[in-house]
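Colleague: This is a predicted model, with the sequence first.
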Amino acid sequence: MTGEALSRRNLLAAGVGALAATAGLPGVARAHREDVRAGEPSAANQDVIRKYYAGWEKKEWSAIDTLLADNFTFTSANDDDHISKSAFKARCWESQVDFIERFELEKVFGEGDEAFVKYLCRTKNGKSFRNVEYFQLKGGKVEAIECYFGGQFGFPSAASTAPR
């Protein structure tokens, strides 16, 4: 009898644990929402992300500026720790934009208001590099981007003269 009671208790505990774990999985909780497919940001957020990279290619800061929230921050391993929109423009946009030819978005995935973008950037000097950027969006605006540099030569730059 004790073995059965203990067995039931263990079974109940395992069931409660499995239920709690399942409730914590975002894909399970949102599996029936039609506006967000598992593994993809919303269509509206994908549009914002694509417009962001198109702004770089077209060299149009005004297009970028309208997509970034007033409280936008940018973070990267290049001593950029949650820098403001104005600091991002001065440090990143102005130093890199003239070297960018195009972005090839290889993977855009996420959920809801968060997305990861893996891209190959082609530069005007014939070089290329890959990065991953993590976007946080809200209300159709980019609130934050964290850039994770790829490559084997330290952090890449469109202006880099190192061989790739």
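Modeller: Noted; the coordinates are in hand. Numbers count the residues shown, from 1 in each chain.
Colleague: where exactly do the helices run in the protein?
Modeller: If you assign secondary structure with DSSP state H, the helices in the chain sit at 2-23, 26-29, 43-58, 61-67, 85-88, 94-96.
Colleague: which regions of this structure lie under the pLDDT threshold?
Modeller: Low-confidence segments of the chain (pLDDT under 70): 1-38, 151-164.
Colleague: Where does the record place the domain boundaries for it?
Modeller: For the chain, the structural domains run 1-32, 43-149, going by automatic domain parsing.
Colleague: Just the terminal-to-terminal distance for the last one.
Modeller: It refers to domain 43-149. With Cα to Cα, to the nearest Å as the measure, domain 43-149 spans 26 Å from end to end.
Colleague: Output the domains of the chain in a markdown table, with mean neighbour count appended to each entry.
Modeller: The way it works is simple: take the backbone N, C-alpha and C, and place the C-beta from them, glycine included. What follows is those, written out as a markdown table (neighbours: other Cβ atoms under 10 Å):
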| stretch | mean neighbour count |
| --- | --- |
| domain 1-32 | 10 |
| domain 43-149 | 16 |
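Colleague: Let me know the distance separating the spatially closest residue to Lys124 that is not a sequence neighbour from Glu146.
Modeller: Using Cβ to Cβ, 6 or more residues apart in numbering and skipping the chain neighbours, the partner closest in space to Lys124 is Glu101 (5.0 Å). Separation of Glu101 from Glu146 (Cβ to Cβ, to the nearest Å) stands at 24 Å.
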